[in-house]
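S.K.: Sequence first, predicted coordinates after that:
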Amino acid sequence: MAYLFLLSKENLPLAADEATRLLQLKRARLVQNALMADGKIDEALVKRLAYTRKALRVLFSCEQRRLLERIGNADLQPHYQDSFSVRSELVEGTQHVPLTAIADAIYARLERPTVRLRDAQTRFVVVFIGKAAHCCLELWSNAERFRDRAAHKRPGMHPSSMDPRLARAMVNLSGATREVCDPFCGAGSILIEAGLMGLACVGFDISPKMIALANANMDHYRISMCTLSVGDATRLRGWYEAVVTDVPYARATTTTHSDLAELYSLALGRAKGSAGSVVVCLPDSVDHRKVVRAAGLRIASDHAVYVHRSLTKHVLVLTA
Ligand SMILES: C[S@@+](CC[C@H](N)C(=O)[O-])C[C@H]1O[C@@H](n2cnc3c(N)ncnc32)[C@H](O)[C@@H]1O
């Protein structure tokens, strides 16, 4: 089976890494904003993706000049349910075959089909990349309204809260499918996304006030598989499928350590002994490679994400 993921152009390496790690894609290759992969995937997971616009299953690929002929010979009826639409996406080069011709050719291969331009049950998408055309079936289109979950729209509001889309991508980078622990959970951005994706959540924060805010947010989003406690990330215990966390960026937000780099290394060292996978955001005000090394971990992926003039974060996927 072949798949094609049309990625958001906001941060392509991060988008590609998120899909590759969550879906365990083999032989994935990126052309502009199209990520192509072969093999088996768990299609139920694609709807979790934060930085993917559309996930497509490739029915066949051919040269553009052979597209109409190939559609004419294709058995499309088994894919049809109730109604259909046809769209095209140009990734690279020029689209030489007009959409109307493609739609007519597909129509001719279906038995008395109903055309529905919006909300069709069966959505065919033809993706043009250079000389090639990929005739695909849309599995999922991203309609997640991340802005509706921005920090200022939650009952437990706090300015340190991170962007929900990035929080979701971090959970996905960890590959977790059952549970996530955030030892610096703050108002809960990471755990909200994990909870909304059906994962069990465990959170700790040194501040009782932050735990109260996180609890208010979890109640608001009706996330029940969640345990939040006051606790110190440098004393994390237990075993979790994944630790996904966003560290405090200013000394004022931590009561335990005056040296932030030391706090990060200690906390990551504990995470290493407590989780199958670790994903963390570190500010570029510290030497993140040194912090990770001191924790006895290695960097598998490093994505710089600009937040504002005085803060760029490194989203790091770490391995032992
Ligand atoms: C950047 S904030 C996390 C924000 C969170 N990701 C969100 O979006 O809501 C870091 C949090 O770490 C907490 N913190 C500081 N020192 C800590 C420690 N030693 N153990 C646990 N939490 C700590 C702070 O109270 C703060 O809430």
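M.R.: Looks like it arrived, so ask away. Numbering: from 1, shown residues only.

S.K.: In stretch 117-130, which residues are buried?
M.R.: The neighbour-count check on stretch 117-130 (16 or more other C-beta atoms under 10 Å) flags 120, 122-129 as buried. Yep, even glycine has a C-beta here, placed from its N, CA and C like the rest.

S.K.: repeat for stretch 135-146
M.R.: So for stretch 135-146, counting by 16+ other C-beta under 10 Å, buried means 135-140, 142, 144.

S.K.: which residue ranges form the strands in the stretch 101-250 of the chain?
M.R.: For the stretch 101-250 of the chain, applying DSSP state E, counting those that start in this stretch gives strands covering 122-129, 132-141, 179-182, 200-205, 226-230, 240-246.

S.K.: Contacts for the first one next, please.
M.R.: Identification of contacts with strand 122-129 by C-beta atoms under 8 Å, 6 or more residues apart in numbering yields 4, 6, 31-32, 34, 54, 56, 64, 67, 76, 79-95, 97, 102, 106, 133-138, 141.

S.K.: at 7 Å what do you get?
M.R.: Here strand 122-129 makes contact (C-beta atoms under 7 Å, 6 or more residues apart in numbering) with 4, 31, 34, 54, 56, 64, 79-81, 83-93, 95, 102, 106, 133-138.

S.K.: near the ligand, which residues of the stretch 151-300 of the chain?
M.R.: 160-162, 183-184, 186-190, 204-207, 210, 232-234, 246, 248-249, 253-254, 256 (C-beta under 6 Å from any ligand atom).

S.K.: The same query, at a cut-off of 8 Å, please.
M.R.: Contacts of the stretch 151-300 of the chain with the ligand, taken as C-beta under 8 Å from any ligand atom, map to 151, 158, 160-162, 167, 182-190, 204-207, 210, 213-214, 231-234, 245-249, 253-257, 263, 267, 281.

S.K.: Filter those down to the buried ones.
M.R.: 151, 158, 161-162, 167, 182-190, 204-207, 210, 213-214, 231-234, 245-249, 253-254, 257, 263, 267, 281.

S.K.: what's near enough to touch the residue of the stretch 151-300 of the chain found nearest the ligand?
M.R.: Nearest residue of the stretch 151-300 of the chain to the ligand, counting by C-beta to the nearest ligand atom: Gly186, 2.6 Å away. By C-beta under 7 Å, 6+ apart, the contact list for Gly186 reads 158, 160-161, 205, 210, 214.

S.K.: out of the buried residues of stretch 135-146, who's nearest the ligand?
M.R.: Glu144 (17.1 Å).

S.K.: Sketch out the low-pLDDT regions of the stretch 151-300 of the chain for me.
M.R.: Applying pLDDT under 70 to the stretch 151-300 of the chain flags the ranges 251-256.

S.K.: Could you export stretch 195-204 as PDB, CA atoms only?
M.R.: Extracted in PDB, the C-alpha atoms of stretch 195-204 (Å, rounded to 0.1, in the frame of the first residue of the first chain):
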ATOM      1  CA  GLY A 195      -6.500  13.300  26.400                       C
ATOM      2  CA  LEU A 196      -8.400  14.500  23.400                       C
ATOM      3  CA  MET A 197      -6.700  11.800  21.400                       C
ATOM      4  CA  GLY A 198      -7.800   9.200  23.900                       C
ATOM      5  CA  LEU A 199      -4.600   8.700  25.800                       C
ATOM      6  CA  ALA A 200      -4.400   8.400  29.500                       C
ATOM      7  CA  CYS A 201      -2.700  11.400  31.100                       C
ATOM      8  CA  VAL A 202      -0.500  11.800  34.200                       C
ATOM      9  CA  GLY A 203       0.800  15.300  35.100                       C
ATOM     10  CA  PHE A 204       2.900  16.800  37.800                       C
END
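
S.K.: Give me the domain ranges for this structure.
M.R.: Annotated domains of the chain cover 2-141, 146-319 [automatic domain parsing].

S.K.: just these: most buried one?
M.R.: Of all those, domain 146-319 carries the top mean neighbour count, a mean of 19, counting by mean count of other C-beta atoms under 10 Å.

S.K.: residue ranges of the helices in the protein, please?
M.R.: Using DSSP state H, the helices of the chain run over residues 12-23, 67-73, 99-108, 164-173, 189-196, 208-220, 260-272, 288-294.
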